[in-house]
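**Student:** what shape does this take:
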Amino acid sequence: MGSDATPSKANAAGPVPDPAATPEARPLLGMGLSALEQWAQQQGQAKFRGRQLHDWLYAKGARRLEEVSVLPKAWREGLAATPPAGASDWVGRSRELHRSVARDGTTKLLLGTHDGLSIETVGIPAEGRLTVCVSSQVGCPMACRFCATGKGGLQRSLAVHEIVDQVLSVREVMGERPSHVVFMGMGEPLLNSEAVLDAIDCLCSDLGMAQRQITLSTVGVPRTLPTLAERALERLGRAQFTLAVSLHAPDQRLREELIPTAHAYPIEALLEDCRRYVAITGRRVSFEYILLGGLNDQPRHATALAQLLRGFQSHVNLIPYNPIEEEEFQRPSPAAVESFRRGLQERHVAVSVRASRGLDADAACGQLRRRLTA
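**Tutor:** Here you go, the predicted model:
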């Protein structure tokens, strides 16, 4: 509440302070239990109010502070009058602008942020699991040719509450607790690594997920992987989430053709950073490889990729290309996909093929672009 506070608006703990004057004038979503308890006390409330907030934010999925009916009315009204920076409400939830549901049940949400921008997140149901594909940025600066997201460039990185909100939104819409989260939506996570690590901490500590249920995907940013490993150990205590590195080519020339930013990060340097990541965390790295018909899906490419990864503690995830309108790349034939998979397997490379989900709703890998679709 502002300077017009009067005794009539006081609660049992005394007058309601101006929340914007406290050190934690930011959205509450993304804060852990101890932080919420401390924040409540800074507001002149009892410590248990922080526990109530925690329950309503994460278990009940409150969208606005007015919904948290267990809190004193005067306090809620005072907070509502002075929302924090970076959100329209103290809770910090985004607005659903549009929803697309594919025939296979994959659900894509277009979410509006406080500043009029939008992001996409996808819920991918399967037998016994629900995976949420989350975005870490509004747009993406990496400009991978086969990906729709990069066609619009980067507008900004997302805050912690905007990342966590995506998981809550999918849970709310699909009526099911997410079992897995993949940072494979819009944006390059390593260009927003602190917020991403904080979001992983929140998903584990506050939503009850395990780190092993979370995957962080990157196309590669120079000199960031060893730092990510060290910061994960510092921030999370251990680094058990899966790191997925997007290669998409077995050599530097072809990789630069597909990923323009790769010119600044030779594939040998990227793999050396991956080895350092493995040494620091003790976790193997997954490599993602989008198969483009006639371009990088031939037997010679499989042979070169196996040689490139020889001796590496890794797993390769093959992804058949999902078409976007700006490019004329071709989706590989099932026979080419199987031949490539078999070529890696015969050379003792652990490999799997990712099934495309949500194609008819433009919700598959590489198709997110922040626009309304039927």
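**Student:** mind giving me the domain split of this structure?
**Tutor:** Under the assignment automatic domain parsing, the domains of the chain span 7-80, 95-361.
**Student:** turn the ones you listed into TSV, columns for mean neighbour count, mean pLDDT and distance to residue 88.
**Tutor:** In this view, the C-beta of every residue, glycine as well, is placed from N, C-alpha and C. Listed next are the domains of the chain as TSV, based on neighbours: other C-beta atoms under 10 Å; pLDDT from 0 to 100; distance: least, C-beta to C-beta, whole Å:
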stretch	mean neighbour count	mean pLDDT	distance to residue 88
domain 7-80	17	82	9
domain 95-361	19	94	5
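**Student:** what's the span of stretch 291-311 from first residue to last?
**Tutor:** One end of stretch 291-311 sits 23 Å from the other (C-alpha to C-alpha, to the nearest Å).
**Student:** contacts for that stretch?
**Tutor:** Contact with stretch 291-311 is made by 146, 247-251, 254, 258, 267, 271, 287, 289-290, 316, 318-321, 329-333, 336-337, 339-340, 343-344, 347-349, as judged by C-beta atoms under 8 Å, 6 or more residues apart in numbering.
**Student:** residue 226 is in contact with residue 273, correct?
**Tutor:** Yes. Counting by C-beta atoms under 8 Å, residue 226 is a contact partner of residue 273 at 6.1 Å.
**Student:** returning to that earlier point: for the domains of the chain, give me JSON lines that also has distance to residue 86.
**Tutor:** Formatted as JSON lines, these follow (distance: least, C-beta to C-beta, whole Å):
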{"stretch": "domain 7-80", "distance to residue 86": "6"}
{"stretch": "domain 95-361", "distance to residue 86": "6"}
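**Student:** quick one: closest of the ones you listed to residue 87.
**Tutor:** domain 7-80 (4.2 Å; C-beta to C-beta).
**Student:** does residue 223 sit in a helix, a strand or a coil?
**Tutor:** Using DSSP: H, G, I helix; E, B strand; the rest coil, the structure places residue 223 in coil.
**Student:** so it makes contact with residue 273?
**Tutor:** Yes. Using C-beta under 8 Å, residue 223 is in contact with residue 273, at 7.3 Å.
**Student:** so residue 125 sits against residue 101, correct?
**Tutor:** No. Contact criterion C-beta under 8 Å: residue 125 and residue 101 do not qualify, at 10.5 Å.
**Student:** anything in contact with each of those two?
**Tutor:** residue 107.
**Student:** many thanks, have a good one.
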